[in-house]
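Enquirer: here you go, sequence then predicted model.
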Amino acid sequence: MAVNHSEIRDVLFHYLEHYRYPPEANQLIRLVRALDEGHDVTSPAEYRIGHLTIGAVVIDQDRRVLLVRHTNPDRWLTPSGHLRPDDTSLVGASLRELEQQTAIPSRHIASSPDEQSAPFDIDAWRVPADPLSDVPEHVRFDFRYAHWVDEADVRPFIADSTRFSWLPADELHPCGLRSKLSAVGVG
């Protein structure tokens, strides 16, 4: 059965309740309202409110984080993508996106959260408008799950991912993901 809004809402509230990052609560209230109002936040075409994406924070033995260079938007991101109708869990969708974008199969993941876990991070960020694709500026709510790998042969696998880098956690942007990794002893 596909992931539904009730499950997304439960995961979102579990995240906010247990991880307590006050600045995120302000960013994520928009997603809470969208779910309350019945907006289809799983649709990539939901631009008015924003929509959900699923990502993977991949950490290797040297405590480095895998980033993939995307062409649209032109920036370094953790592997992520849209939830699909056939995804049965958010964690499973995270593993699917990881394999799709990096060619790291789930069997090479040393440690992943269980199916009921809250994400390691929920990142709300603005995606710039893309006039060539007729896509307006919008917000993505990226539910990112942490996955540990012992070793990985990474190969960027999709058209909008051009290259990758393993970056030490302390070199990540100072707020957001870096502070969360530091809180669990990475970086």
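Expert: Happy to help now that I have it.
Enquirer: ok, which stretches of the protein are helices?
Expert: Listed in chain order, the helices of the chain (DSSP state H) span 5-19, 22-36, 90-102, 177-183.
Enquirer: of the ones you listed, which approaches residue 64 most closely?
Expert: Evaluated with Cβ to Cβ, the helices of the chain place helix 177-183 nearest to residue 64, the distance being 10.3 Å. (C-beta placed from N, C-alpha, C; glycine too.)
Enquirer: related to what we said a few turns ago, can I get the helices of the chain in a markdown table with mean pLDDT and distance to residue 43?
Expert: Below are the helices of the chain laid out as a markdown table (pLDDT from 0 to 100; distance: least, Cβ to Cβ, whole Å):
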| stretch | mean pLDDT | distance to residue 43 |
| --- | --- | --- |
| helix 5-19 | 87 | 11 |
| helix 22-36 | 84 | 11 |
| helix 90-102 | 90 | 14 |
| helix 177-183 | 76 | 26 |
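Enquirer: hey, which of those is tucked in deepest?
Expert: helix 90-102 (a mean of 23; mean count of other Cβ atoms under 10 Å).
Enquirer: what's the angle from that one to helix 5-19?
Expert: Helix 90-102 runs at 90 degrees relative to helix 5-19, counting by axes from the mean of the first three to the mean of the last three Cα atoms, to 10 degrees.
Enquirer: the most centrally placed residue in the chain and residue 177, how far apart?
Expert: Centroid-nearest residue in the chain, with Cα atoms, centre = their mean: residue 55, separated by 2.6 Å. Distance of residue 55 to residue 177, computed by Cβ to Cβ, to the nearest Å: 10 Å.
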